[in-house]
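Undergrad: Sequence first, then the predicted structure, then my questions.
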Amino acid sequence: MTMTDFEAPFILAIDQGTTSSRAIVFDQAGRIVASAQEEFPQHYPHDGWVEHDPEDIWNTTLSTARAAFAEAEKSGEVGAIGVTNQRETTILWDRTTSAPIHNAIVWQDRRTADVCAALREEGLEPHVAARTGLLLDPYFSATKAAWILDNVEGARERAEKSELAFGTVDAFLIWRLTGGKVHATDATNASRTSLYNIRDNRWDEILLEKFRVPESILPQVFDCAADYGETDPEIFGRPLPICGVAGDQQAAAIGQACFAPGDIKSTYGTGCFVLVHTGHEIVESKNKLLSTIAYRLNGETSYALEGSIFIAGAAIQWLRDELGVIKSADETAALAESLETNEGVYLVPAFTGLGAPHWAPDARGAITGLTRGAGKAHFARAALESVVYQTADLMTAIARDGADAKTLRVDGGMVANDWTMQFLADMLGLPVERPKVLETTALGAAYLAGMQAGYFQSTDEIVERWRLDARFQPAMSGEARQKNLDGWADALRRTLD
Ligand SMILES: Nc1ncnc2c1ncn2[C@@H]1O[C@H](COP(=O)(O)OP(=O)(O)O)[C@@H](O)[C@H]1O
Ligand SMILES: O=P(O)(O)OC[C@H](O)CO
């Protein structure tokens, strides 16, 4: 392909993730023109606490966006920007100086588990579920924002005087990119705060009061494809419109062209998130899944059921960084394959508690079935298998809630691992489809911006652009499958007990 094969104007997608910031420029056919990525430090000040320095978030976003932009502009012009982000992560900043008043409290952070437990005792959970589709868990932004207001000296008084702004990472980046002119978020990110009423599409006064978050600090909530203002001309040498925004899991579903009820995708990055489109209706889960906004376009809201797993690729990073049994993530497939079975070794990676469908913030990880012969292949296989079993638990919950999946579309860094994808198809008993573009999160943000910029007229044009790379068909015997699932259920029971 020559440079001139690309269809301009291009779209710059900013994908601010949990462990790295990425910027990818796409052409209008959905092909990658240029990209850049930078990791940044994670801070763990106490057991169960996870923080990011917002300046690291900003600096890595800025440098990757500028690098991808400069590379792309050698072959065409960038016309629009889409933003997608790690969700729930909470930042409060000074409206005058744009300086954060505390580190970002990351979605994985469990410090407000006690607050959530106390609110549950007071009977708040059914109200949270009815209004936001969520559960009472430290995962979501509300208790994180209140924690900052209570623990940074003078913050509450300053918030009451409208001197502070709250945002998930998208809102913080939009604020900085527009030079402090726009304080806005999109409906998907708002739906992850525990403060946003997903039925009426507005900040919920009762929840603001219960969670003790003043309305004065909240951003405006826009559609996912909308006018979010222009970037400060100094950033890219000219102003560029920011016109597409969605939380990363919702953006991945858009990049996977999940626009019809029943369409389902699973993204394997640091964590794993399964989203199934439920149309314009909110499906209330009876199996501890979340109801959430899939996207809002032209004022019309589509919803999804979501299963959130906190540790997926992070288990592989743990093998590499803490245990040192691998040097790089790619080694895990060969290690897993070197064993005919898992030989009874299971890992339950509850490093930051367990998410759906258990919601056990105090659970901690376990490895079971170790024998003297267990070695690094067993650990690698158990880590990969754990991601699959957690997905299987979610798929069971989704099926019980009435969604009937025919195939599962997968994406994210971990799906490069063929062994894991085959094991996933085997355990689910469903075909697993991997698309050609694995960067579906960034692609989804680019599509949203492209819609607002007028490059795409409808979601049908996005459906047409989806391309299959590989389909993994279930091949394992029913007996072997059940043995594995039983072994996992046993390890899980021991962890939860
Ligand atoms: N071949 C592989 N096998 C297993 N895990 C992998 C492989 N390649 C990458 N990963 C895992 O995928 C994750 C990176 O995926 P990515 O989508 O970039 O994550 P995020 O956006 O959450 O930072 C890492 O946790 C890494 O350990
Ligand atoms: O940064 P990721 O890809 O691990 O995604 C994080 C999720 O948005 C958390 O809800």
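TA: Happy to help now that I have it. Note that the structure is a prediction, hence the values are computed from the model and not measured. Ligands and ions are numbered 1, 2, ... in the order given.
Undergrad: so who does the closest residue to Ala380 other than its chain neighbours touch?
TA: Leaving aside its sequence neighbours, Ala380 sits nearest to Leu335 (Cβ to Cβ, 6 or more residues apart in numbering; 3.8 Å). For the C-beta atoms, the positions are set from N, CA and C on the backbone; glycine is no exception. Residues near Leu335 by Cβ atoms under 8 Å, 6 or more residues apart in numbering: 326, 376-377, 380-381.
Undergrad: Who wins on neighbours among the residues you listed?
TA: Within the contacts of Leu335, most neighbours by other Cβ atoms under 10 Å means Ala380, with 28 neighbours.
Undergrad: Confirm for me that that residue is in contact with Thr332.
TA: Yes - using Cβ atoms under 8 Å, Ala380 makes contact with Thr332 at a distance of 4.4 Å.
Undergrad: Tell me the pLDDT of Ile217.
TA: Ile217 is assigned 97 on the pLDDT scale.
Undergrad: whoops, Thr391 was the one
TA: On the pLDDT scale, Thr391 gets 96.
Undergrad: Repeat that for Thr2.
TA: The model's pLDDT for Thr2 equals 49.
Undergrad: With the one 5 residues further on instead?
TA: Glu7 is assigned a predicted lDDT (pLDDT) of 74.
Undergrad: what about it, is that helix, strand or coil?
TA: coil (DSSP: H, G, I helix; E, B strand; the rest coil).
Undergrad: Leaving aside the residues adjacent along the chain, what's closest to Ile217?
TA: Closest to Ile217 by Cβ to Cβ, 6+ apart is Phe166, at 4.1 Å.
Undergrad: Around ligand 1, which positions in this structure sit nearby?
TA: 17-20, 269-270, 313-314, 316-317, 329-330, 332, 412-414, 416-417 (Cβ under 6 Å from any ligand atom).
Undergrad: can you list residues touching both of Ala380 and Thr332?
TA: Shared contacts of Ala380 and Thr332, defined by Cβ under 8 Å, 6+ apart, comprise 319, 326.
Undergrad: Buried residues, the longest helix along the chain. List them.
TA: Scanning the chain for the helix with the most residues, using DSSP state H, yields helix 376-400. By neighbour count on 16 or more other Cβ atoms under 10 Å, the buried set for helix 376-400 is 376-395, 397-398.
Undergrad: got the angle for the biggest strand by length in the chain vs helix 376-400?
TA: The residue-count maximum for a strand in the chain (DSSP state E) belongs to strand 300-309. Between strand 300-309 and helix 376-400, the angle comes out at 140 degrees (axes from the mean of the first three to the mean of the last three Cα atoms, to 10 degrees).
Undergrad: Give me the next element, helix or strand, following strand 300-309.
TA: helix 313-318 (DSSP states H and E).
Undergrad: Return the distance of the following helix or strand past that following helix from the chain's centre.
TA: Using DSSP H and E, the helix or strand that follows helix 313-318 in sequence is helix 331-337. Offset of helix 331-337 from its chain centre (Cα atoms, centre = their mean, to the nearest Å): 26 Å.
Undergrad: which is the next helix or strand following helix 331-337?
TA: strand 346-348.
Undergrad: Beyond that following strand, next helix or strand please.
TA: strand 366-368.
Undergrad: Pro138 and ligand 1: what is the separation?
TA: Using Cβ to the nearest ligand atom, to the nearest Å, Pro138 is found at 19 Å from ligand 1.
Undergrad: For this protein, which residues are neighbours of ligand 2?
TA: Residues of the chain lying near ligand 2 (Cβ under 6 Å from any ligand atom): 17-18, 86-88, 107, 247-249, 269-271.
Undergrad: For ligand 1, state which of those residues is nearest.
TA: Gly269 (2.6 Å; Cβ to the nearest ligand atom).
Undergrad: Quick check: phi and psi on the nearest residue to Gly180 once chain neighbours are set aside?
TA: Sequence neighbours aside, Ser98 is the residue nearest to Gly180 in space, at 5.4 Å (criterion: Cβ to Cβ, 6+ apart). The phi and psi values for Ser98, taken as degrees, to the nearest 10, are phi 70, psi 10.
Undergrad: Give me the number of neighbouring residues for Ser98.
TA: Neighbours of Ser98 (other Cβ under 10 Å): 15.
Undergrad: could you list every residue that touches it?
TA: By Cβ under 8 Å, 6+ apart, the neighbours of Ser98 are 175-176, 180.
Undergrad: for Val274, same thing?
TA: Val274 touches 264-266, 306-307, 391, 394-395, 398, 408, counting by Cβ under 8 Å, 6+ apart.
Undergrad: rewinding a little: show the buried residues in the residues of the chain next to ligand 1.
TA: 17-20, 269-270, 313-314, 316, 329, 332, 412-414, 417.
Undergrad: Out of these, which comes closest to Ala187?
TA: Relative to Ala187, the closest of those is Gly17; by Cβ to Cβ it sits at 20.5 Å.
Undergrad: The closest one and Asp248 touch, don't they?
TA: Yes - counting by Cβ under 8 Å, Gly17 does reach Asp248; the two are 6.6 Å apart.
Undergrad: Pull up the overlap in contacts between those two.
TA: 85-86, 269, 441.
Undergrad: Show me which pair in these is furthest apart.
TA: Top of the distance list for the shared contacts of Gly17 and Asp248 (Cβ to Cβ): Asn85 and Gly269, 12.4 Å.
Undergrad: Can you check which residues contact both of these two?
TA: 17, 248.
Undergrad: For Asp418, give its distance to Phe273.
TA: Distance, Asp418 to Phe273, by Cβ to Cβ, to the nearest Å: 21 Å.
Undergrad: Look at the two and report which has more neighbours.
TA: More neighbours surround Phe273 than the other of Asp418 and Phe273, with 27 against 13 (other Cβ under 10 Å).
Undergrad: wait, is that one part of a strand?
TA: Yes - using three-state DSSP, the secondary structure at Phe273 is a strand.
Undergrad: That one and Gln256 touch, don't they?
TA: No - in this structure Phe273 lies outside contact range of Gln256 using Cβ under 8 Å: 11.9 Å.
Undergrad: Just the buried residues of the helix or strand where His127 lies, please?
TA: According to DSSP H and E, His127 maps onto helix 125-132. Neighbour counts over helix 125-132 (16+ other Cβ under 10 Å) mark 125, 127-129, 131-132 as buried.
Undergrad: for it, what is the average pLDDT?
TA: Confidence over helix 125-132 (mean pLDDT, whole number) is 95.
Undergrad: Following the chain past that helix, name the next helix or strand.
TA: Following helix 125-132 in sequence, per DSSP H and E, is helix 141-151.
Undergrad: for that following helix, packing partners?
TA: Taking 3 or more Cβ pairs under 8 Å, 6 or more residues apart in numbering; DSSP states H and E as contact, the helices and strands that helix 141-151 lies on are strand 91-94, strand 104-105, helix 113-121, helix 155-160, helix 205-211.
Undergrad: deepest of the ones you listed, which one?
TA: Comparing these by mean neighbour count (mean count of other Cβ atoms under 10 Å), strand 104-105 ranks first with a mean of 26.
Undergrad: Report all helices and strands that it contacts.
TA: strand 51-52, helix 141-151.
Undergrad: contact partners of it?
TA: Under the contact criterion Cβ under 8 Å, 6+ apart, strand 104-105 has outside partners 50-54, 57, 89-91, 111, 144, 147-148, 169, 172.
Undergrad: ok, now stretch 21-33?
TA: Here stretch 21-33 has contacts from 6-16, 34-38, 40, 57, 60-61, 64-65, 67-69, 71-72, 75-76, 78, 437, 439, 442-443, 446-447, 450, 455-456, 465, using Cβ under 8 Å, 6+ apart.
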